[in-house]
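> Provide a 3D model corresponding to the input given below.
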Amino acid sequence: MGTEIGGGAAGGAVSYLLEKLNEVARREWNLKENINRARQDLEIEQRNIEALLIDADSNNDPDHQFTVWIQNVQNQAFAIKDVLDLFRIYQDQETVWRRFKMRHSIDKLIKDIKRSLQRIKEAKDRYHHTMPFTRISNTDLPVREAPLFNGNFEAVGIEEPTKKLISWAMEPKHRLEVMFVVGMAGLGKTTLVHTVYQRVKKRFDRHVWITASKCKTKLDILTLLVEEFGRPVPPRADLVALAHKLLLKKRYVMVLDDLWVKEVWESLRPALPDRKNNRIIITTRRGDIANSCRDGDSIDIHKLQPLSQERAAQLFYQKAFSRNDTCPSGLEEVSESILQKCDGLPLGIIEIGRLLSNKSPTKNELKTLHDSLESEMRSTGKLSNVMKVLSASHKDLPYHLKDCFLYMSIFPENNPVKRRRLVRLWIAEGFVTEEMGKTLEEVGEEYLKELIDRNLIKANELDFDGLPKSVGVHSLMLKMILSIAHDENFCTVCTGAERNLAENTRRLSIQKQDFEPSQDLPWVRSFFGFGIGELKIGSNFKLLKVLDIQGTTMEEFPNVITDLLLLRYLSLRNTNIKFIPRSLSDLPNLETLDLKQTLVTKVPKAVLQLQKLRHLLVCRYNYMEGVPPFDIVQGFEAPKKITGLKNLQTLSFVKASVQRRMSRHLRMIQGLENLKQLRKLGVVELAKEDGARLCHSIGKMPNLRSLSVTSLSMDVPLELDAMTNNPPALLQSLYLKGPLQKFPKWISSLQDLVRILLKWSSLTENPIPALQNLPHLVELQLLHAYTGTQLQFKSGKFPQLKILDLQQLEQLRSIVMEEGTLPCLQKLIIGHCSKLVHVPRGIDKVIHLQMLVFHDMPDPFVAMLRKNDGPLWRFVHHIPCIRSYQQGQLVEDLS
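This next block holds a predicted model:
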């Protein structure tokens, strides 16, 4: 009996358990289906919110309630993105248990979002009867505050541009002339032009000053013009005809101050008689507008520059220490530090100087202000005028550029950002939108150009193609960006002892030596490390898309990285890591892998799983003083099937020598022809017999812009003649290192070539005739490239060349520059040419040459160039900068 009872109880328990399991399974199935439907709903909601935020961005004068409401909506947009990304991770989970846990987490987050959106809706209904959007019609223009006019600028630092503009205004011309004065906010454009206007206006029959930023419609500019001449505007009058009549047969000067919208100028232009000696001056911070209006040589652009250090100090001392206009003893260092923050910007110098003029001139007062500049620039601070002027440029940006601009908040002050790095980061963040017929990188470059043209981001040293090598922002502009980024929860910057960070931090920029977060930060999407100490990456950064920790002391690849399934951008540049784990294949979304200047020499087969990879950068430069060694670039061993990564745009620098151990049909060089999207290719250690195969592959790359090829050693020739039939037509940069038995003829057909470097070529054939007709060549470098005794540059050749670098031409005895050759040459470098006994003959006729540099030239040669008694000085005295270096050190300025 007991056994029967026990068996029945056990059977009942099993039945009960099976019923419960079935119930759980049904519930889990329903939950899975609900989550799938909720994901679709969230995607729709995300698009709706994005449209709302774009519309809200056009609101020129939001009230505080509206601003808070939009911030709450923005936070929910972030939350929706997080949930959608979690769902993508959930789909990639392999184990049932992990999927089970994530389903419930996602379900909870979705319910939280729904509740939050409901509360936001209720708040809107409770406090906002109507949404205060300010719609801009086709005729309405955004109205902005008039620029601050510093009438007491006292012309400090603007004497030269004042003189130039006055001369331009008064010079007789047979037509209407227009001058755009362009520069970033606060540079003193209005002050400069007002000074010029006051000095020249009496020389004209009519003169008028119009503040363009106050125009509410396109027609307002014409109404203002007519009213300035004291004429009433009849109803329904033809304003163009009326304004034209008032100016006809009159010599006039007109200032259009603070232009923000091209349509204002286009509305005014038809009303202006195109007669001799008339002048228009337009001030604008929008360089893109000035460039687009420049439709002929009657329209010119003057780019106003920041004040020099000397002039900036003079202006600062006048404003801050007005009693004697000099810096009090003991305050020089802190004053210099404040001036560095102002970076030659008159607005900042004047406003900070005024503030200090009302304080005691003590070191403590100056240091307190120096350390609190960011807070003082806020709306309630004592430097709010600076913020108001600078932030107008941010408000004027189109919606898609605002995040790109705010991204500069991530980088430390005075830390230039490489252009390509910035664009790749924007792409990884999803800021760059696809456009038909363009790569994301090309669209990103256009975004950057617009921000530079708008004078928000400044270009640093320009590359050979006219694009900036790196970019940055003005110091005070950075303070403004940091303030906005903080308010919008765009980025959290850690520079001191911060440990407790906001839970919803989206981007982290660590700018101190050591960092270890004291709490979970699950919603961080981008992590940057600029410190030089230890850096701990949180194990809970599951949603990370960008990880940029270059320059840290890291020696091992952090295992936690391979858990970041959404990662798109990974940079470990300038670290000491040696190996990349096979688990790299767990990063299916990776687009950029930057391992430059690491100790990595081999990339595992796991990289072949990264089908979205666009940029693979693995190399190390062996920098040395003096002449760089032949093997300065150390490449990496790539898996033989790397050519299966069809989305690659950048591949550098891959070792070709390793591939020789493989069977012929599997060689990587041959497979390169499959990389149709490749823009930049770097190959090192190329064997002579592989040259023809490489040429064949390169001929199949229609988009290639940059090619670098280095031979196996200094004694192994580069065989690159086989590309004659199909050279890469779009190639702009070509770097060839290694002996060339003859000059490749196909190079002469590269009409887009901008830069060519030939190193260790040891050509017996003079390469100059093959290169001299290239229409866009800007830079030519010959290093140990030619064994002949003479180089001759013929008249009319090298029409665009700006940089000519001739080094280690050991047999070279003379250089001849015929009159009319090298019309654009700006920099000439001659080094290690021990048999050269004379400066280039005809160099005195190369009138645009700005810099002449000698490296390790014999002492007697240098002595002939000295100003006082050098017999060759008369040939080079027109060159502003002449310098002589020995072993990389400047030993004599011969200018």
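
> Now do the buried residues in the one helix or strand residue 369 maps to.
If you go by DSSP states H and E, residue 369 is part of helix 363-371. By 16 or more other CB atoms under 10 Å, the buried positions in helix 363-371 come out as 366, 369. C-beta coordinates here come from the backbone N, C-alpha and C atoms, glycine included.

> next SSE after it?
Assigned by DSSP H and E, the successor of helix 363-371 is helix 373-376.

> Which secondary structure elements does the helix holding residue 369 sit against?
Judged by 3 or more CB pairs under 8 Å, 6 or more residues apart in numbering; DSSP states H and E, helix 363-371 is in contact with helix 332-342, helix 346-357.

> So which of the ones you listed is the most surrounded?
When the helices and strands packed on helix 363-371 are scored by mean count of other CB atoms under 10 Å, the highest mean neighbour count falls to helix 346-357 (a mean of 23).

> which residues touch the helix holding residue 369?
Where contact means CB atoms under 8 Å, 6 or more residues apart in numbering, the residues beyond helix 363-371 that reach it are 330, 331, 334, 335, 337, 338, 341, 352, 355, 356, 359, 376.

> so that helix versus helix 332-342, what angle?
Here helix 363-371 runs at 20 degrees with respect to helix 332-342, directions being taken by axes from the mean of the first three to the mean of the last three CA atoms, to 10 degrees.

> pLDDT (mean, whole number) over helix 363-371?
The pLDDT scores in helix 363-371 average 89.

> quick check: angle from it to helix 346-357?
150 degrees.

> export helix 363-371 as PDB, just CAs?
Below are the C-alpha coordinates for helix 363-371, written out as PDB (Å, rounded to 0.1, in the frame of the first residue of the first chain):
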ATOM      1  CA  LYS A 363      48.300  85.900  -8.600                       C
ATOM      2  CA  ASN A 364      45.500  84.200  -6.700                       C
ATOM      3  CA  GLU A 365      42.800  86.200  -8.600                       C
ATOM      4  CA  LEU A 366      44.300  85.400 -12.000                       C
ATOM      5  CA  LYS A 367      44.700  81.700 -11.100                       C
ATOM      6  CA  THR A 368      41.200  81.400  -9.800                       C
ATOM      7  CA  LEU A 369      39.800  82.800 -13.100                       C
ATOM      8  CA  HIS A 370      42.100  80.600 -15.200                       C
ATOM      9  CA  ASP A 371      40.900  77.500 -13.400                       C
END
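
> now it, how far from the centre of its chain.
From the chain centre to the centre of helix 363-371 is a distance of 33 Å (CA atoms, centre = their mean, to the nearest Å).

> ok so, going back, I'd like the contacts of helix 363-371 laid out as a markdown table, including distance to residue 168 and pLDDT.
Shown next, in a markdown table, are the contacts of helix 363-371 (distance: CB to CB, whole Å; pLDDT from 0 to 100):
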| residue | distance to residue 168 | pLDDT |
| --- | --- | --- |
| 330 | 45 | 88 |
| 331 | 40 | 89 |
| 334 | 41 | 91 |
| 335 | 36 | 91 |
| 337 | 38 | 91 |
| 338 | 35 | 91 |
| 341 | 33 | 90 |
| 352 | 33 | 91 |
| 355 | 36 | 90 |
| 356 | 37 | 89 |
| 359 | 42 | 84 |
| 376 | 39 | 87 |
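
> from these, which is closest to residue 166?
Residue 166 lies nearest to residue 352 out of these, by CB to CB, at 30.0 Å.

> got a list of what that closest one touches?
Contacts of residue 352 by CB under 8 Å, 6+ apart are 316, 319, 320, 338, 342, 369, 373, 383.

> Between all of those residues, which two are at the greatest distance?
Largest pairwise distance in these, by CB to CB, is 15.7 Å, between 319 and 373.

> So for residue 467, what's the nearest residue that isn't a sequence neighbour?
Excluding the flanking residues, the one nearest residue 467 by CB to CB, 6 or more residues apart in numbering is residue 419, at 6.4 Å.

> ok, residue 701 to residue 507 distance?
Using CB to CB, to the nearest Å, one obtains 36 Å as the distance from residue 701 to residue 507.

> try residue 341
24 Å.

> on that earlier part again, which among the helices and strands packed on helix 363-371 is found nearest to residue 630?
Judged by CB to CB, the one of the helices and strands packed on helix 363-371 that comes nearest to residue 630 is helix 332-342, at 41.6 Å.

> just checking, what packs against that closest one?
Secondary-structure packing of helix 332-342 (3+ CB pairs under 8 Å, 6+ apart): helix 309-320, helix 346-357, helix 363-371, helix 475-487.

> Between those, which one is closest to residue 269.
Between residue 269 and the helices and strands packed on helix 332-342, the shortest separation by CB to CB is 30.0 Å, and it involves helix 346-357.

> quick one: low-confidence parts of the stretch 351-500 of the chain?
In the prediction, the stretch 351-500 of the chain carries residues with pLDDT under 70 at positions 497-500.

> And the strands in it?
For the stretch 351-500 of the chain, the strands defined by DSSP state E, counting those that start in this stretch occupy 417-418, 458-459, 470-472, 492-494.

> Out of those, the one nearest residue 45 is which?
Comparison of the strands of the stretch 351-500 of the chain against residue 45 by CB to CB identifies strand 492-494 as nearest, at 26.3 Å.
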